[in-house]
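Enquirer: Predicted model, plus sequence, below.
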Amino acid sequence: MNLFPSQTARWGALILGSGLLNASLAVGAPLAELPPPGGYTSPVRIALILVAILPWLAFCQWVDKDTVFVKRMNRELWNGVVLGGGAVGLVVWLMLPWKTPGLFAAGFGLWFLITAGTCAIYVIMRNGMVDVNARVFTPRHIKSKLAGMGRKKDEGYDAVERVRLTAHDNKKVTVPTDPTQVDPYEAAQTLLFDALWRRATEVEMVVSPNAVKLVYLVDGVPTPRHDLIPRENAELALNFLKGVAGVDVNERRKPQQGSFSAAISGTKANMTAIKVATSGTTQGERLNLKIVGDENRLRIADLGMTEAQQKQFEEICAKPSGLIIVSGPRVSGITTTLYAALRAHDAFMQNLLTIERSPLMELENITQNIFDPTKADAPYSRQLQTILRREPDVVMISDCPDRETAHLAVKAAQDGKKIYMAIQAKDSFEALKKLISLAGDTDGVASVLLGVSCQRLIRKLCIACRQAYKPDVALLKKANLPADKIDHFYRPPPPEGLFDAKGNPLPPCANCQASGYFGRTGVFELLVVDDTMRDMIRNGQPINNIRAQARSNSMLFLQEVGIQKVISGVTSMNEVLRVMRDEDAPPSRGGGAGRPPHRPGPAPSQGAAPKKGGQ
């Protein structure tokens with residue numbers, strides 16, 4: 001219920017009542033002391049009071065609307081605080097004798113302190129609950145409001161640059177001077193600033209005739225942002241970004257691709273490449289922004305392997321020839337690992353080539369070949385065969401779709417080339433089984449295979465707000481962990497947020513935006529093929545026998561490495577369980593090889609979640 005539509009009339013009645021009260025107090029006074037006709041009230045002072053309280057009433061009206069959107073601010077409570085504080089001060093002010101100018105001025109000062117204090121408390125608490133770009137009465141907010149005051153409407157300087165933009169043609173996108181472009185520019189700035197500040201790797205926005213659906217992919221988890229911008233502003237932002245990316249603004253159905261670069265203004269951050277894809281859907285027009293961050297430029301030491309795994313992986317990468325399999329389910333960072341392995345080679349001294357369906361980014365001094373599935377006369381294996389004829393030293397194969405591709409990879413490794421190939425699998429042993437089955441040549445696989453890795457991506461706990469807790473003893477025993485040697489685990493703050501000793505809500509963590517996690521790292525298992533395993537592969541031994549041999553070589557499986565990261569405080573137990581969970585997989589045996597992750601899909605209202613580049 002709106003509390004304020006007739007506030008001015010009500011307080012006008014109160015002021016009039018105060019004047020009558022002053023008049024009644026004068027009834028008992030001597031007739032000589034009675035004020036002259038018309039002196040019971042002061043029109044000037046009443047006008048001054050009305051001028052003073054109007055901004056307060058407008059602020060009360062704004063608070064009532066603002067608490068609808070800032071849901072963590074209790075609407076009834078803060079309406080009462082802001083309205084009641086000013087009302088108390090006003091009553092005190094009106095009760096003072098108006099005849100004494102000093103008391104009138106003192107009453108105004110007292111009312112101003114009480115009213116401004118309660119309003120300031122609301123603003124401080126409210127700004128602590130929202131994003132940086134949604135805070136009010138800050139220097140940036142005041143500056144943006146003052147920037148448009150006193151200027152002609154046709155000057156078009158109301159827009160504020162919060163994100164630096166470089167268009168597809170490498171030209172800087174300046175603040176528009178055309179008034180018709182101010183609103184689209186501001187809408188695009190709002191979307192990009194929010195996405196970059198929240199560390200989104202993908203933005204998926206669908207603009208339908210009656211609504212807008214907006215989802216970010218933050219640390220691999222879909223995050224809805226439906227209330228960020230209204231539908232009309234979303235359409236303006238979409239069209240503006242299409243123009244910056246160099247695609248046809250008027251084309252709303254056919255798929256289009258473009259790119260531009262962006263970085264938050266006022267920071268020293270380098271420009272981030274953003275790939276743009278638009279297309280028409282049954283719901284409306286779809287915009288996908290793929291933000292290529294620094295995490296895609298990692299090297300082997302940055303991937304998250306244990307110290308022993310990193311040493312073993314670097315050793316097999318350093319060998320001049322052979323085959324290395326990098327495996328995992330989709331969206332597990334396989335492409336990033338393949339790129340890191342390529343960076344371990346000297347791109348100036350060696351000829352490095354890749355064949356990829358969708359490159360994650362451009363690799364310096366490496367020839368990247370994109371597979372075009374629309375060419376029926378050039379299947380994946382045929383294009384790989386063409387690449388192998390260019391006498392490469394190192395070849396990266398983004399996936400293994402058929403037997404011919406697997407056979408060519410094994411044959412190229414036998415000819416002295418270094419081959420990195422991705423295979424989708426739940427663990428390294430399943431990847432090995434798939435390779436042997438596809439290649440159809442156990443002798444060839446045994447002679448060239450150097451190692452098989454498998455991985456998952458897990459979110460890292462935010463060190464600024466993570467909370468320590470004593471783990472359950474039964475859980476530790478179930479995981480075969482010594483309860484007497486583990487003092488605590490870490491976990492993110494509860495979904496409802498943190499509270500102080502008095503029960504007041506604390507501002508959300510500015511480092512992780514109250515998600516409890518900041519960034520991701522890899523969990524790896526690495527199967528290094530030794531002479532014993534080569535003989536087992538050559539002789540067609542069952543995968544379980546090879547698994548047992550790997551365990552005897554002190555190989556750690558995915559779940560075990562994940563638990564190590566929990567013990568070290570890198571991530572939480574719930575995050576490891578979320579990533580490793582596979583409801584269709586049978587219980588783990590013999591040490592428990594890693595299971596593929598179960599990625600909970602978005603809620604029905606969120607639509608399809610955006611996907612991270614690569615596999």
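Expert: The structure has been received and is ready for your questions. Numbers count the residues shown, from 1 in each chain.

Enquirer: what mean pLDDT does stretch 570-589 have?
Expert: The average pLDDT within stretch 570-589 is 71.

Enquirer: in which helix or strand would I find Pro222?
Expert: strand 221-224 (DSSP states H and E).

Enquirer: Adjacent strands (with direction) for that strand?
Expert: strand 212-218 (antiparallel) (DSSP bridges).

Enquirer: roughly how far is the partner strand from the heart of the chain?
Expert: 9 Å (C-alpha atoms, centre = their mean, to the nearest Å).

Enquirer: Report the mean confidence score over it.
Expert: Mean pLDDT, strand 212-218: 94.

Enquirer: can I get the CA coordinates of it in PDB?
Expert: Once non-C-alpha atoms are left out, strand 212-218 reads as follows in PDB (Å, rounded to 0.1, in the frame of the first residue of the first chain):
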ATOM      1  CA  VAL A 212      13.700 -10.000 -21.500                       C
ATOM      2  CA  LYS A 213      15.600 -13.100 -20.300                       C
ATOM      3  CA  LEU A 214      19.100 -12.500 -19.100                       C
ATOM      4  CA  VAL A 215      21.500 -15.100 -17.700                       C
ATOM      5  CA  TYR A 216      25.200 -14.900 -16.900                       C
ATOM      6  CA  LEU A 217      27.700 -17.700 -16.600                       C
ATOM      7  CA  VAL A 218      29.800 -16.900 -13.600                       C
END
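
Enquirer: Please identify the buried residues of that strand?
Expert: Using 16 or more other C-beta atoms under 10 Å as the test for burial, strand 212-218 gives 212-218. Every residue, glycine included, has its C-beta placed from N, CA and C.

Enquirer: residue ranges of the strands in the stretch 51-200 of the chain, please?
Expert: 163-166, 172-173, 200-207 (DSSP state E, counting those that start in this stretch).

Enquirer: With the stretch 401-550 of the chain instead?
Expert: 418-424, 449-461, 467-469, 489-491, 517-528.

Enquirer: what's the weakest-modelled helix or strand in the chain?
Expert: Within the chain, no helix or strand scores below helix 7-25, which has a mean of 45 by mean pLDDT, DSSP states H and E.

Enquirer: was I right about Phe429 contacting Ile543?
Expert: Yes. Counting by C-beta atoms under 8 Å, Ile543 is a contact partner of Phe429 at 5.1 Å.

Enquirer: neighbour count winner among the two?
Expert: Counted by other C-beta atoms under 10 Å, Phe429 and Ile543 do not tie: Phe429 has more neighbours, with 22 against 16.

Enquirer: give me every residue that touches that one.
Expert: 452, 527, 543, 546-547, 550, 593 (C-beta atoms under 8 Å, 6 or more residues apart in numbering).

Enquirer: gap between it and Val91?
Expert: For Phe429, the distance to Val91 equals 79 Å [C-beta to C-beta, to the nearest Å].

Enquirer: Ile325 bridge partners, please.
Expert: Here Ile325 shows beta-bridge partners Met421, Val452, assigned using DSSP bridges.

Enquirer: Give me the domain ranges for the chain.
Expert: Domain assignment for the chain by automatic domain parsing gives 7-130, 155-292, 297-606.

Enquirer: Let me know which of those domains is the nearest to Val136.
Expert: With respect to Val136, and counting by C-beta to C-beta, the nearest of these is domain 7-130 at 6.5 Å.

Enquirer: quick one: contacts for the closest residue to Leu506 other than its chain neighbours?
Expert: In this structure, Leu506 finds its nearest non-sequential neighbour in Leu498, 4.4 Å apart by C-beta to C-beta, 6 or more residues apart in numbering. Counting by C-beta under 8 Å, 6+ apart, Leu498 makes contact with 465, 505-506.

Enquirer: Arg390: neighbour count?
Expert: 11.

Enquirer: Kindly tell me how buried Pro329 is, as a neighbour count.
Expert: The tally of other residues near Pro329 (other C-beta under 10 Å) stands at 21.

Enquirer: So it sits against Asp427, correct?
Expert: No. Assessed by C-beta under 8 Å, Pro329 is found out of contact with Asp427, at 10.0 Å.

Enquirer: Tell me where the stretch 201-350 of the chain has helices.
Expert: Ranges of helices in the stretch 201-350 of the chain, per DSSP state H, counting those that start in this stretch, are 231-245, 307-318, 334-343.

Enquirer: Quick one: residues in contact with the longest one.
Expert: Think helix 231-245. 165, 167-168, 173, 181, 183-185, 187-188, 190-191, 205, 207-208, 210-212, 214, 229, 248-249, 256, 258-260, 276, 278, 285, 287, 289.

Enquirer: can you rerun that using 7 Å?
Expert: The contact list for helix 231-245, computed with C-beta atoms under 7 Å, 6 or more residues apart in numbering, reads 165, 167-168, 173, 183-185, 187-188, 191, 205, 207, 211-212, 229, 249, 258-260, 276, 278, 285, 287.

Enquirer: next one: stretch 502-510
Expert: 72, 128-129, 462, 464-465, 497-500, 514.

Enquirer: so where is this structure shaky, pLDDT-wise?
Expert: For the chain, the stretches with pLDDT under 70 are 1-42, 68-72, 96-101, 130-134, 140-141, 143-158, 295-296, 376-377, 582-615.

Enquirer: so which of the helices of the stretch 201-350 of the chain comes closest to Val51?
Expert: helix 231-245 (35.1 Å).

Enquirer: Could you check the angle that closest one makes with strand 200-207?
Expert: 120 degrees (axes from the mean of the first three to the mean of the last three C-alpha atoms, to 10 degrees).

Enquirer: for helix 231-245, which positions count as buried?
Expert: By 16+ other C-beta under 10 Å, the buried positions in helix 231-245 come out as 233-245.

Enquirer: And stretch 306-316, by the same measure?
Expert: 306, 309-310, 312-313, 316.

Enquirer: Can you give the distance from that stretch to the centre of its chain?
Expert: The chain centroid and the centroid of stretch 306-316 are separated by 31 Å under C-alpha atoms, centre = their mean.

Enquirer: do the same with stretch 535-549
Expert: Counting by C-alpha atoms, centre = their mean, stretch 535-549 comes out at 43 Å from the chain centroid.

Enquirer: measure it end to end?
Expert: Length of stretch 535-549, first residue to last, C-alpha to C-alpha, to the nearest Å: 12 Å.

Enquirer: Could you give the number of residues near Ser208?
Expert: Ser208: 16 surrounding residues under other C-beta under 10 Å.

Enquirer: ok, it - contacts?
Expert: Shown in contact with Ser208 (C-beta under 7 Å, 6+ apart): 283-284.

Enquirer: before we move on, the earlier item: how about the contacts of stretch 502-510 in a markdown table, adding distance to Thr354?
Expert: Output for these, formatted as a markdown table (distance: C-beta to C-beta, whole Å):
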| residue | distance to Thr354 |
| --- | --- |
| Arg72 | 48 |
| Gly128 | 48 |
| Met129 | 47 |
| Cys462 | 35 |
| Ala464 | 38 |
| Cys465 | 40 |
| Gly497 | 45 |
| Leu498 | 46 |
| Phe499 | 51 |
| Asp500 | 53 |
| Ala514 | 39 |
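
Enquirer: Which single one of those is nearest to Gly102?
Expert: For the contacts of stretch 502-510, the closest approach to Gly102 (C-beta to C-beta) belongs to Gly128, at 39.1 Å.

Enquirer: List the backbone torsions phi and psi for the closest residue to that closest one other than its chain neighbours.
Expert: Counting by C-beta to C-beta, 6+ apart, Pro507 is the residue found nearest to Gly128 once chain neighbours are left out, at 3.3 Å. Main-chain torsions, Pro507, degrees, to the nearest 10: phi -60, psi 150.

Enquirer: ok, Pro507 to Arg199 distance?
Expert: 19 Å.

Enquirer: next one: Ala106
Expert: From Ala106 over to Arg199 (counting by C-beta to C-beta), the distance is 52 Å.

Enquirer: burial measure for Ala483, as a count.
Expert: 13.
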